[in-house]
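**Student:** can't give you the sequence, but here's the structure:
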């Protein structure tokens, strides 16, 4: 294990990224934006970053994809998957004592049905579930919709669990300046020539090698309207030089973002 | 031309969707969300809807893609492309009289360099550029960063133009309950079997017919984590039955969302 200078995560304290990052041993440091996590990791050789890349309901996190494209010195070395569980938490142990509810708008809309049953149809919007927990920790007449992790961090009592929808998972990636060629999955970013069959020819290489693509997204190339770069994850590593060379022949820009395995 | 019951657009009044919708003759009606535009069009046989589908800097509009997937009775009959131009507008004609600036955060970040040069580095955030124009119309000491269209609508003077970045375009679609099989472009939505080569085999059909794919996005199928549906636009129509049948054979779900041409 390398001596880590720091594990930067998308804050604030108590965020889902913080919870994911806490699976890794090291000094955890919260950052305000995903872009600033990338900047920190790029500047600090032995550091890691933990950021969300995709949610099973909302789709990809564009700020993460765009930074992966822009930072050529940053790679993915692990992924972490977490079920997004939401609870009702408060300083008080009695639901009857609650006069105010803090929530992120998304969290409230997920929890609405269950929350309305106990008499709440209004909330004070805040920018994250961890901020909701922080606010509830300062106000004995308030409750928060937040994660169990945030409730514990702010010493709140969990009054109600399972407020989340069943299919809400987030995938986080661990980023580093180190590039790995072995792992369960790998990620590449690429652009293709602007002509018919260009993307087809890239997928053909995967088909020839019998490699399963687990995810493909396209994002606009901001420099040229209606041109795209592709973000692709596949099951396998990046150790096969012949395979990578074939990909290079059918792409215009090809960025190998490394191979990685899941932290369980 | 059919007798239109209404053209529903993503409001508020003065929005970019309003500007795009004003290219069509008919009674324009603003709606609060993209989802409510879909609902209105689905309920009103002779109506149309105008909503954004993609921005050249920000990427796809997920709410539009997901509604296209969910509403099986709604099709695309036209597209409209607009350059997103931003201006500084105010009731006053003198920059020196401006004490407050209203802006959407995205618009301010685009305009920041030019706006700071004339001495503004703070703004009051509002939810849209048209809301900014509305606020400035009620306050003679305020200015807004908004479109020329919104400035005109609210009788503001344009003090500074070209605040936008060069590559900022938005594509809007015109939706209807009518399905067209002829047009410059067509759109399909599909899911593929979960096995290697599944997407490859769909693109192979396009390759065989020499058809250019102009856009492909993937979106999570909310019902099953890490499963996706694909959103694809191509150059050509949906009149070729043999081609469509071939697509049907390699997809699991296939939704033909119609053929359409650009309103210029």
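**Tutor:** That came in fine, so what should we check first? All of these numbers come straight from a predicted model, not from anything done at the bench.
**Student:** does residue A:258 sit in a helix, a strand or a coil?
**Tutor:** Secondary structure for residue A:258, judged by DSSP: H, G, I helix; E, B strand; the rest coil, is strand.
**Student:** Please confirm that residue A:132 is located within a helix.
**Tutor:** Yes. Under three-state DSSP, residue A:132 falls within a helix.
**Student:** you'd agree it is up against residue A:100?
**Tutor:** No. Contact between residue A:132 and residue A:100 fails when scored by C-beta atoms under 8 Å: they sit 10.6 Å apart. C-betas here are computed from N, CA, C, even on glycine.
**Student:** more crowded one of these two?
**Tutor:** Set side by side, residue A:132 and residue A:100 give different neighbour counts by other C-beta atoms under 10 Å in any protein chain shown, the larger being at residue A:132 (30 against 16).
**Student:** which ones are touching that one?
**Tutor:** Going by C-beta atoms under 8 Å, 6 or more residues apart in numbering or on different chains, residue A:132 touches A:102-104, A:107, A:126, A:144-146, A:150.
**Student:** Let me see the contact set for the nearest residue to residue A:195 once chain neighbours are set aside.
**Tutor:** When the adjacent residues along the chain are set aside, residue A:195 lies closest to residue B:212, with 7.5 Å between them (C-beta to C-beta, 6 or more residues apart in numbering or on different chains). Under the criterion of C-beta under 8 Å, 6+ apart, the contact partners of residue B:212 comprise A:195-196, B:206, B:234-236.
**Student:** Could you list which of the residues you listed belong to helices?
**Tutor:** Mapping the contacts of residue B:212 onto helices (DSSP state H) picks out residue B:206.
**Student:** Which residue is the nearest non-sequential neighbour of residue A:226?
**Tutor:** residue B:56 (6.3 Å).
**Student:** so what pLDDT did the one you found get?
**Tutor:** Residue B:56 carries a pLDDT score of 91 in this model.
**Student:** I'd say it and residue A:220 touch.
**Tutor:** Yes. Counting by C-beta under 8 Å, a contact exists between residue B:56 and residue A:220, whose distance comes to 5.6 Å.
**Student:** list the residues that contact both of the two?
**Tutor:** Jointly contacting residue B:56 and residue A:220 under the rule C-beta under 8 Å, 6+ apart are residue A:226.
**Student:** okay, now residue A:94: neighbour count?
**Tutor:** Applying other C-beta under 10 Å, we find 9 residues neighbouring residue A:94.
**Student:** Report the separation between it and residue A:145.
**Tutor:** Summarising the geometry, the distance separating residue A:94 from residue A:145, computed by C-beta to C-beta, to the nearest Å, is 17 Å.
**Student:** what does chain A put close to chain B?
**Tutor:** If contacts are counted using C-beta under 8 Å from any C-beta of the partner chain, the residues of chain A sitting beside chain B are A:54-59, A:62, A:167, A:169, A:195-197, A:199-200, A:203-204, A:206-207, A:210-220, A:222-226, A:228.
**Student:** what about 7 Å?
**Tutor:** Proximity of chain A to chain B, by C-beta under 7 Å from any C-beta of the partner chain, involves residues A:56-57, A:59, A:62, A:167, A:169, A:196-197, A:199-200, A:203-204, A:206-207, A:210-213, A:216-220, A:222-223, A:225-226.
**Student:** Narrow those to those in strands?
**Tutor:** If you go by DSSP state E, these have A:59, A:169, A:213, A:216-220 in strands.
**Student:** which of those residues sit farthest apart?
**Tutor:** Largest separation among those by C-beta to C-beta: A:169 and A:220, giving 26.1 Å.
**Student:** When those two are compared, which one has more neighbours?
**Tutor:** Applying other C-beta under 10 Å to residue A:169 and residue A:220 shows that residue A:220 carries more neighbours, namely 23 against 17.
**Student:** Report the beta-bridge partner residues of the closest residue to the more buried one other than its chain neighbours.
**Tutor:** Here the nearest residue to residue A:220 in space, its sequence neighbours aside, is residue B:59; by C-beta to C-beta, 6+ apart that works out to 5.2 Å. According to DSSP bridges, the partner residues bridging residue B:59 are residue B:55.
**Student:** close enough to count as contact, residue B:59 and residue A:219?
**Tutor:** Yes. Assessed by C-beta atoms under 7 Å, residue B:59 is found in contact with residue A:219 at 5.7 Å.
**Student:** what do the two both touch?
**Tutor:** Taking C-beta atoms under 7 Å, 6 or more residues apart in numbering or on different chains as the contact criterion, the residues that touch both residue B:59 and residue A:219 are residue A:62.
**Student:** what's the next secondary structure element after whichever helix or strand residue A:29 is part of?
**Tutor:** Here residue A:29 is covered by strand A:28-31, with elements defined by DSSP states H and E. The first helix or strand that comes after strand A:28-31 along the chain, using DSSP H and E, is helix A:34-43.
**Student:** got any ranges where chain A has weak pLDDT?
**Tutor:** Confidence mapping of chain A against pLDDT under 70 gives the ranges A:1-3.
**Student:** Residue for residue, what is the longest helix it has?
**Tutor:** Looking across chain A with DSSP H, the single longest helix is helix A:105-117.
**Student:** Can you list the residue ranges for helices in the stretch 151-264 of chain A?
**Tutor:** Taking DSSP state H, counting those that start in this stretch, the helices of the stretch 151-264 of chain A run over residues A:198-208, A:241-250.
**Student:** any idea which of those is most buried?
**Tutor:** helix A:198-208 (a mean of 20; mean count of other C-beta atoms under 10 Å in any protein chain shown).
**Student:** Provide the contact partners of that helix at residue level.
**Tutor:** Applying C-beta under 7 Å, 6+ apart, the set of residues contacting helix A:198-208 from outside is A:190, A:192, A:213, A:234, A:246-247, A:250-251, B:197, B:199-200, B:203-204, B:206-207, B:213, B:216.
**Student:** Report how many residues lie close to residue A:141.
**Tutor:** Around residue A:141 there are 12 residues (other C-beta under 10 Å).
**Student:** cool, and residue A:253?
**Tutor:** The burial metric for residue A:253, expressed as a neighbour count using other C-beta under 10 Å, is 12.
**Student:** distance of the residue nearest to residue A:195 from residue B:105?
**Tutor:** In this structure, residue B:212 and residue B:105 are separated by 36 Å, where distance is defined by C-beta to C-beta.
**Student:** Check residue A:140 too.
**Tutor:** From residue A:140 to residue B:105 the distance is 34 Å (C-beta to C-beta).
**Student:** One more: residue A:48?
**Tutor:** Computed with C-beta to C-beta, the distance linking residue A:48 and residue B:105 is 30 Å.
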